[in-house]
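J.: sequence first, predicted coordinates after that:
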Amino acid sequence: YKSASLVAPLAPLAPLAPIQVVQANYAVHVNVSVNVSVIPPFHHGCRFFSNTASARSGNTNSWNWTQSSSSASASASGGQNSTTPINDNNNNSSSSNMLIDSETQSQILESCTTVHSSIMPLNEKLRGPLAKHSDRGTSLPFVFLVGNHSSGKSSFINYVLGRDVQTAGVAPTDDCFTVIAPGPVDTDQDGPALIGDPDMGFSQLRQFGPTLIHHTQLKVRSQTNTSSFMMIDSPGMIDSPMNQSGMGSGSGSSSSIMDRGYDFQGVVRWYAERADVVMLFFDPDKPGTTGETLSVLLHSLGGMDHKLLIVLNKADQFKKIHDFARAYGSLCWNLSKVIPRKDLPRIFTMCLPVKNPDGQGNASSIGAGLADLHQTRDDVVAEVMKAPKRRIDNVITHLNDSVHLLLMHAQIVQDVQKRYSKLLWDNRVQELASLTAGVGLSTIGVYAQLPMEFTGAAAAVTILGVGGLKWFNNSKLTETEAQLLTMEELSASFQRTHQREISEADEFTASVWQRIREQLQASLKVEGLDNSPSVSQGELDELRRILDVDIPKLRRLASPSHFGSKG
């Protein structure tokens, strides 16, 4: 693991402002309108992805993507003393005009699903890198929260939703992955019912075993501040006595399985890949010192920087500015061990409102003197409220990523097959030439009325020669196949098929290769080059057409209006 040699420099701190006691307004206004004829009586996302008939008929009464950030911007504009409730149903006409309409959203989602489904047969034929049912998403966008125990994940969920849904406490309070979905009535379901629901989109979690299934639950809650996305809480991360470091175990290792009874890092990776916003929480007491947290950041959240928010919560608990500086520096130092970059990502330093018994805000801590903590909290909430809009971007990004993975897989399979086929046909030509020579020699002996001994000897030599040559060629072919499937030869195939990208030092192409190389090798070894299905040039051209035509078209539809827009 690459670690920094020096502590990352601390960001300059704003001078302490005079402490002011502010009367906080904790009233929550709820404006939820449920259309029973459109929304099933279970949860707002029910049967959304499994049935697109409403999208084809122009029905746009389901949850609206354009209501994602209006309330967040209103809350941010109010600053520390804002009394505007967090509600994604507060429409803002100026911001809504900048977003795409519901009909276009449905068109984009349906197009992405159709295109993604069209490439799955080729993926299954080639045992490609795409997971089964990867073209199916969850019923609603969702925000995934992960972090140390007692880092404020549950409190943040309660704050965003405007009601107490999760139990908050200093000690670990929950050992389950909790899916919190909006709905007309409060309902709870256990893990088997949730994962068995064909509409929610969590059925693929079965691959992680029964222990995870029984440590998953669904909470449907009414009268929340948002009805357009779900929030998923995860068990707090803590090092067990058998793995205090947490850094040495990769995803799926025996120690990580024994810690919780299932592959925790693999489950976090599964949720994070499908999430629209991922939040990683730290608290002042454990600013990145929990090994499991750093291991999850390294193994499970890698490559997700575009939707990852790193949050240092409970900053109002610091009594002195030196304590804050020490905790912030410790977090930066620990992050530098697992983030191999010179520049660290932004760390959102924030706090949640805390009421004293007398009803006043907490004015005794450092948080009351730093208005930027409250502003940062509003910024974080604004990012969370963008989850529905992010879903469109993430679906297109997921499609683009899937096509790139499958295209490279198919190109390398085609190159390996060509090399193997060339050697195979060379061997067949040698065998046919030997057989032809022997038959010709025997025929000459017959026509020339040579002694039968000569003719018989020629036939015997021909049979033995061709048989021996075939055995030798088959042995050589087996050795060549094993050599072609080594990582060195597969890397050589990658270099041949992507010469231009390598010459241009295309880092994206290199990263795609790193992601598929092991799975590609395993699939070719299972099938064998003799039984491996062939890749046609038309199939490759279709994948390239999707990348060059379909995906840019979807990007333009999802792109906000700007002076550089075409059309």
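T.: Done, it's in.

J.: for the rest of this, base every contact and every neighbour count on C-alpha atoms.
T.: Noted.

J.: pLDDT weak spots in the stretch 51-200 of the chain?
T.: Scanning the stretch 51-200 of the chain for pLDDT under 70 picks out 51-100, 169-173.

J.: go again with 50.
T.: 51-85, 89-98 (pLDDT under 50).

J.: and the stretch 351-500 of the chain, by the same measure?
T.: In the stretch 351-500 of the chain, residues with pLDDT under 50: 363-365, 367-368.

J.: could you rerun that using 70?
T.: In the predicted model, the stretch 351-500 of the chain carries pLDDT under 70 at residues 354-370, 426-427, 430-431, 438, 441, 445-446, 449-450, 473.

J.: can you give me the helices for it?
T.: Assigned by DSSP state H, counting those that start in this stretch, the helices in the stretch 351-500 of the chain fall at 371-385, 387-447, 452-484, 487-497, 499-503.

J.: could you dump the ones you listed to TSV with distance to residue 131?
T.: As requested, the helices of the stretch 351-500 of the chain are arranged in TSV below (distance: least, C-alpha to C-alpha, whole Å):
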stretch	distance to residue 131
helix 371-385	27
helix 387-447	10
helix 452-484	25
helix 487-497	22
helix 499-503	26
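
J.: doesn't residue 278 make contact with residue 307?
T.: Yes - the pair residue 307 / residue 278 is scored as a contact, 5.9 Å apart, by C-alpha atoms under 8 Å.

J.: who's more crowded, these two?
T.: residue 278 (26 against 19; other C-alpha atoms under 10 Å).

J.: hang on, isn't residue 284 packed against residue 314?
T.: Yes - because the distance of 6.8 Å satisfies C-alpha under 8 Å, residue 284 is recorded as touching residue 314.

J.: circling back: could I get the helices of the stretch 351-500 of the chain as a markdown table with mean neighbour count and distance to residue 113?
T.: Formatted as a markdown table, those follow (neighbours: other C-alpha atoms under 10 Å; distance: least, C-alpha to C-alpha, whole Å):
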| stretch | mean neighbour count | distance to residue 113 |
| --- | --- | --- |
| helix 371-385 | 21 | 24 |
| helix 387-447 | 18 | 9 |
| helix 452-484 | 15 | 36 |
| helix 487-497 | 16 | 29 |
| helix 499-503 | 12 | 29 |
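
J.: compare those and report which one is nearest to residue 274.
T.: helix 387-447 (8.4 Å; C-alpha to C-alpha).

J.: got the angle for the closest one vs helix 371-385?
T.: Per axes from the mean of the first three to the mean of the last three C-alpha atoms, to 10 degrees, the angle that helix 387-447 makes with helix 371-385 is 50 degrees.

J.: what is helix 387-447 packed up against?
T.: helix 102-125, strand 142-147, helix 452-484, helix 487-497, helix 507-527, helix 537-545, helix 551-558 (3 or more C-alpha pairs under 8 Å, 6 or more residues apart in numbering; DSSP states H and E).

J.: which other residues reach the fifth one?
T.: Put plainly, it is helix 507-527. Outside helix 507-527, the residues within contact range by C-alpha atoms under 8 Å, 6 or more residues apart in numbering are 126-129, 404-405, 408-409, 485-487, 490, 494, 501-502, 532.

J.: ok, the residue nearest to residue 215 when sequence neighbours are not counted to residue 532 distance?
T.: The shortest distance from residue 215 to any residue other than its chain neighbours is 4.6 Å, reached at residue 176 (C-alpha to C-alpha, 6 or more residues apart in numbering). With distances taken as C-alpha to C-alpha, to the nearest Å, residue 176 is found 42 Å from residue 532.

J.: kindly report the same for residue 314.
T.: Counting by C-alpha to C-alpha - residue 314 and residue 532 are separated by 56 Å.

J.: just want to know which of these two has more residues nearby.
T.: Higher neighbour count among residue 314 and residue 532: residue 314, with 21 against 17, using other C-alpha under 10 Å.

J.: can you pull the contacts of the more buried one?
T.: By C-alpha under 8 Å, 6+ apart, the contact set of residue 314 is 151, 152, 283, 284, 350, 351, 352.

J.: phi, psi for it please.
T.: When quoted as degrees, to the nearest 10, the phi and psi of residue 314 stand at phi 60, psi 30.

J.: what about it, distance to residue 134?
T.: 37 Å.

J.: try residue 204
T.: 9 Å.

J.: please apply the same query to residue 302.
T.: Residue 302 sits 19 Å away from residue 134, going by C-alpha to C-alpha.

J.: got a list of contacts for stretch 486-503?
T.: So stretch 486-503 is contacted by 411, 412, 415, 416, 483, 484, 509, 510, 513, 517, 521 (C-alpha under 8 Å, 6+ apart).

J.: find the pair from those with maximum spatial separation.
T.: Farthest pair in those (C-alpha to C-alpha) is 483 and 509. Separation: 24.1 Å.

J.: surely residue 344 and residue 338 touch.
T.: No - with contacts counted by C-alpha under 8 Å, residue 344 stays clear of residue 338, the gap being 10.4 Å.

J.: show me which of those two is the more surrounded one.
T.: residue 338 (20 against 13).

J.: quick one: that one and residue 332, what's the gap?
T.: Distance from residue 338 to residue 332, by C-alpha to C-alpha: 10 Å.

J.: count of neighbours near residue 112?
T.: 23.

J.: quick one, what contacts it?
T.: Listed by C-alpha under 8 Å, 6+ apart, the contact partners of residue 112 are 395, 396, 399.

J.: next one: the last one from residue 466, what distance?
T.: Between residue 399 and residue 466 the distance, using C-alpha to C-alpha, works out to 52 Å.

J.: ok, now residue 482?
T.: The gap separating residue 482 from residue 466 is 24 Å, by C-alpha to C-alpha.

J.: list the residues that contact the nearest residue to residue 544 once chain neighbours are set aside.
T.: Take residue 544 and drop its neighbours on the chain: the residue closest to it by C-alpha to C-alpha, 6+ apart is residue 407, 7.7 Å away. By C-alpha under 8 Å, 6+ apart, the contact list for residue 407 reads 540, 543, 544.

J.: before I go, just wanted to say thanks for your time.
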